[in-house]
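**Q** Can you look at this prediction? I've put the sequence above it.
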Amino acid sequence: MIKKSTIGLSLVSILFLGILIVMMTGGFSPQPQQRDHVHLPWLINADDDNQTKVISLSIGSQTFSEVVHTLRKLPELAIFETPKGERTIEGFFSKVRQGVLLANLVVEVDITGKNLAPLARLEQKGEPTPSGLWRWNLSKTGIVTVNQWRVWKLAYIPTTQYSTEQLLKFFGQPESKKMLGNDVKLWRYSAKGLIITEDSEGRTIFYYSSRKDFLRLEKSLSIITTPI
């Protein structure tokens with residue numbers, strides 16, 4: 001569930017994660033310069049049911065370590081739990097600049113069938129967050145393990161606001177529109193593995209998954225929707 005402003009992680013764990021990624025990937029070696037349009041969030045390739053390609057990522061097929069290496073930026077990583085006891089593992093990438101655009105990114109790791117007990121001290125009370133979730137930082141062993149797990153979901157949080165007209169121009173007409181609660185609009189693009197949310201103040205979030213995971217993506221927003 002993407003409901004947070006900041007994910008906490010100790011400095012030691014961040015440094016350890018950085019060392020781990022460098023060891024696993026051979027370092028953040030220079031890559032050939034790419035044109036800015038490659039990183040536009042509305043340029044989406046979802047021809048394969050198992051992955052959606054956007055902003056140089058392959059959501060649904062890449063592992064967490066591969067996402068980190070592609071973005072060349074160290075994330076904050078933690079386990080979250082809802083009041084209902086539902087858990088997620090999320091990585092937060094702050095102020096990712098791709099071409100001319102700047103955004104915060106949140107990726108969610110697929111924990112289906114995974115045992116989370118060895119990853120953090122879950123027997124202890126987690127740290128409360130402003131959104132009502134509980135948070136646990138991962139252990140060093142947990143970070144090593146999670147690096148090999150698949151990333152199934154991406155939330156792209158732009159720092160620039162987009163008007164309704166711009167959203168239609170860039171993403172096209174949605175298949176349907178719904179309301180999340182009382183003040184958030186949801187635009188569905190199942191063929192692209194995309195959901196856009198827009199709140200009453202015009203703030204947008206772009207959510208991506210593979211087409212195979214699209215129903216799961218909808219469910220993960222976890223708020224009753226009504227057609228509009």
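**A** Structure's in. What do you need? Computed from a predicted model, the values in this text were never measured in an experiment.
**Q** contacting residues around Q161?
**A** Contact analysis of Q161 by CB atoms under 8 Å, 6 or more residues apart in numbering lists G202, R203, T204. In this view, the C-beta of every residue, glycine as well, is placed from N, C-alpha and C.
**Q** mind redoing it with 7 Å?
**A** Q161 makes contact with G202, R203 under the criterion CB atoms under 7 Å, 6 or more residues apart in numbering.
**Q** show me where this structure has strands.
**A** 52-54, 57-59, 76-81, 87-98, 101-109, 127-128, 134-137, 151-158, 176-180, 184-189, 194-198, 204-208, 225-227 (DSSP state E).
**Q** in its sheet, what does the shortest one sit against?
**A** Read it as strand 127-128. strand 134-137 (antiparallel) (DSSP bridges).
**Q** Low-confidence ranges, the chain, go.
**A** 1-38, 222-228 (pLDDT under 70).
**Q** Count the residues that sit near W152.
**A** 24 (other CB atoms under 10 Å).
**Q** Not counting sequence-adjacent ones, nearest residue to it?
**A** With sequence-adjacent residues excluded and distances taken as CB to CB, 6 or more residues apart in numbering, W152 is closest to D110, at 4.3 Å.
**Q** What's the local residue count around that neighbour?
**A** If we define neighbours as other CB under 10 Å, then D110 has 18 of them.
**Q** Tell me if I'm right that it and W149 touch.
**A** Yes. If you go by CB atoms under 7 Å, D110 and W149 touch, sitting 6.1 Å apart.
**Q** what comes up buried for stretch 84-98?
**A** R87, T88, I89, E90, G91, F92, F93, V96, Q98 (16 or more other CB atoms under 10 Å).
**Q** Tell me who's in contact with the last one.
**A** Shown in contact with Q98 (CB under 7 Å, 6+ apart): H39, I55.
**Q** who touches L116 in this structure?
**A** L116 neighbours (CB under 7 Å, 6+ apart): I79, R87, L122.
**Q** For the second one, give me its contacts.
**A** R87 makes contacts with I79, F80, E81, I111, L116, as judged by CB under 7 Å, 6+ apart.
**Q** ok, now how distant is the last one from V68?
**A** To V68, L116 is 20 Å away according to CB to CB, to the nearest Å.
**Q** So what sits opposite R135 in the bridge?
**A** Under the criterion used (DSSP bridges), R135 bridges to F80, E127.
**Q** Distance check, the closest residue to V54 other than its chain neighbours against T82.
**A** The shortest distance from V54 to any non-neighbouring residue, by CB to CB, 6+ apart, is to I44 (4.9 Å). Between I44 and T82 the computed distance is 29 Å (CB to CB).
**Q** Give me the more crowded residue out of the two.
**A** I44 (20 against 15).
**Q** Any figure for the gap between L180 and L221?
**A** Distance from L180 to L221, by CB to CB: 6 Å.
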